[in-house]
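**Student:** Mind folding the following:
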Amino acid sequence: MNSTIRIAGIIEETIVDGPGIRFVVFAQGCRHNCPGCHNPDTHSFTGGVSVPISKIFEQIAKNPLLDGVTFSGGEPFEQSEPFGKLAIALKEKGLNIITYTGYTFEEIIEQREKEPSWALLLANTDLLIDGPFLMEKRNLLLPFRGSENQRIIRVQESLTKGQVITAQF
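**Tutor:** Residues are numbered from 1 along each chain as shown. Have a look, this model is predicted:
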């Protein structure tokens, strides 16, 4: 685990970025640039700080109260290899992984042949919150997402069944 991730920041404990008590890693860098984005400061690929994934793992491992870890952004799939490696280590510790992405599940499936690290991150994600934020579909009442086009996808079940299986919260 000697690679690094460029991050915009972290939140050590939260209950708003997925079910349970979660640690959140915000990726720095996003090509989507969705109008109305909740985290516009994460769009630049030159901002943030580069942190070894081993250091992030150690910080997470210190907290026995965590239910899981959320990768948000920015766009985690822009740094899919280090996020995928971190996800593997965290899952070995019994934590679940949620990944937010502006890509759709279908786009990721299509792209994973060309980008093997996308397949790595997807394979180690439990719930994927997919799709760009769309201001015209904004809904503040939705759990864990900002616009009605975004889905909460049970990744492993979806991969096994070959179709999108959504989760309800």
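**Student:** where along this structure do the strands fall?
**Tutor:** With DSSP state E applied, the chain shows strands at 4-14, 22-27, 49-52, 68-72, 96-100, 127-130, 151-154, listed in chain order.
**Student:** Direction included, what does the fourth one pair against?
**Tutor:** Using DSSP bridges, the strands paired with strand 68-72 in its sheet are strand 22-27 (parallel), strand 96-100 (parallel).
**Student:** Now the longest one: average pLDDT?
**Tutor:** Same thing as strand 22-27. Strand 22-27 comes out with an average pLDDT of 98.
**Student:** Which positions within that strand qualify as buried?
**Tutor:** 22-27 (16 or more other C-beta atoms under 10 Å). Where C-beta positions appear, they are placed from N, C-alpha and C, glycine not excepted.
**Student:** neighbouring contacts of it?
**Tutor:** 5-15, 17, 39, 42, 56, 59-60, 63, 66-76, 78-79, 83, 86, 98 (C-beta atoms under 8 Å, 6 or more residues apart in numbering).
**Student:** so how far is residue 109 from residue 79?
**Tutor:** Separation of residue 79 from residue 109 (C-beta to C-beta, to the nearest Å) stands at 19 Å.
**Student:** And those two? Which one has more around it.
**Tutor:** The residue with more neighbours, out of residue 79 and residue 109, is residue 79; 25 against 17, by other C-beta atoms under 10 Å.
**Student:** Could you pull up the residues touching that one?
**Tutor:** Contact analysis of residue 79 by C-beta under 8 Å, 6+ apart lists 5-6, 27, 29.
**Student:** what do you get if the cut-off is 6 Å, keeping everything else the same?
**Tutor:** Residues in contact with residue 79 (C-beta atoms under 6 Å, 6 or more residues apart in numbering) are 5, 27.
**Student:** Fine, thanks again, bye for now.
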